[in-house]
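*Asks:* pasting the structure only:
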Ligand SMILES: [Zn+2]
């Protein structure tokens, strides 16, 4: 699995971000260590499963990703 080119995190990095978002705020970029900017994404009406989607953007390396954070 490649990094997916510019502008993206690997699956492993997204997983690390998701874990960090649960325990700490703000999270840090797994690629460069900068503090990630996070923006909550409004849940889609009608979607049954409960997940919290967060859009994260790194001001350091400019990678971005939408990460699903499990809400227990
Ligand atoms: Zn970064």
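*Replies:* The structure has been received and is ready for your questions. A quick note: this is a predicted structure, and the numbers were derived from the prediction, not measured.

*Asks:* Report whether stretch 56-63 contacts the ion.
*Replies:* Yes: counting by Cβ under 5 Å from the ion, the ion is contacted by stretch 56-63 at 58, 60-61. Every residue, glycine included, has its C-beta placed from N, CA and C.

*Asks:* the helices in this structure, which residues?
*Replies:* 11-23 (DSSP state H).

*Asks:* Report the contact partners of the residue in it sticking out farthest from the centre.
*Replies:* Most distant from the centre of the chain: residue 46, at 22.7 Å, with distances by Cα atoms, centre = their mean. Listed by Cβ atoms under 8 Å, 6 or more residues apart in numbering, the contact set of residue 46 is empty.

*Asks:* And it, what's its pLDDT?
*Replies:* At residue 46, the predicted lDDT confidence score is 73.

*Asks:* Could you do residue 59 as well?
*Replies:* 96.

*Asks:* Distance of it relative to residue 67?
*Replies:* 17 Å (Cβ to Cβ, to the nearest Å).

*Asks:* Much appreciated, bye for now.
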